[in-house]
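>>> Fold the following.
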Amino acid sequence: MDQAVAALCGAGIGVVGTVGASVLTYIGTRRQVPEQGRIEHARQLRIERREVYLAFMELLEPVDRLPSEPVSLSSEYAALAAQVELIPPRGESLLARIQLCGPKEIADSAGSLLSSAGDMIRLFLNSSQDQDAIDRAFESFMAAQGEFIDKARRVMVEPPS
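Numbers count the residues shown, from 1 in each chain. Take a look at the predicted model:
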């Protein structure tokens, strides 16, 4: 009789242990699925942000090559002029994508950078001879570019919350 009771007690403990393990597995799985979804969403958003931020910076590369002194648009600058004329409309398109990808601080910074680039482009295309205006536009562009790069880097490096 003692052996039968011991066997039943052992079986009962085994059943309780199995049910307990099943419950804990179920609870862990329920938490894991939403967490995996959040992680995957953050990863995909980071990829999209990186692509649009890089495309925006690549679009603005010709602005870095604009002369920092007054020039007249000669054949020497014709190719550069053709490149920079396309920047404002393409920049607006990329700015809309940046606003969608966020965050807002990056979109605001990108808007300031695009505006500064537009100022430099207008001065260049109008063959401005105003060195002070060119210097202010150049300094404004460089500051806005540095701010955008710093903020974008911070967003890309910080782990999602």
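>>> what pLDDT does residue 98 get?
On pLDDT, residue 98 comes in at 94.
>>> before we move on, what about the one 10 residues further on?
Per-residue pLDDT puts residue 108 at 95.
>>> That one: neighbouring residues, count only.
Residue 108: 15 surrounding residues under other C-beta atoms under 10 Å. In this view, the C-beta of every residue, glycine as well, is placed from N, C-alpha and C.
>>> tell me which helix or strand of the chain sits lowest on mean pLDDT?
Here the helix or strand of the chain ranked lowest by mean pLDDT, DSSP states H and E is helix 2-59, holding a mean of 77.
>>> Check which helices and strands the helix or strand following it is in contact with.
Note on helix 2-59: by DSSP states H and E, the next helix or strand toward the C-terminus is helix 61-64. Judged by 3 or more C-beta pairs under 8 Å, 6 or more residues apart in numbering; DSSP states H and E, helix 61-64 is in contact with helix 75-85, helix 104-125.
>>> any idea how far residue 41 is from residue 89?
31 Å (C-beta to C-beta, to the nearest Å).
>>> neighbour count winner among these two?
The neighbour comparison of residue 41 against residue 89 (other C-beta under 10 Å) goes to residue 41, with 11 against 8.
>>> Now do the more buried one against residue 48, distance only.
Residue 41 is 11 Å from residue 48, where distance means C-beta to C-beta.
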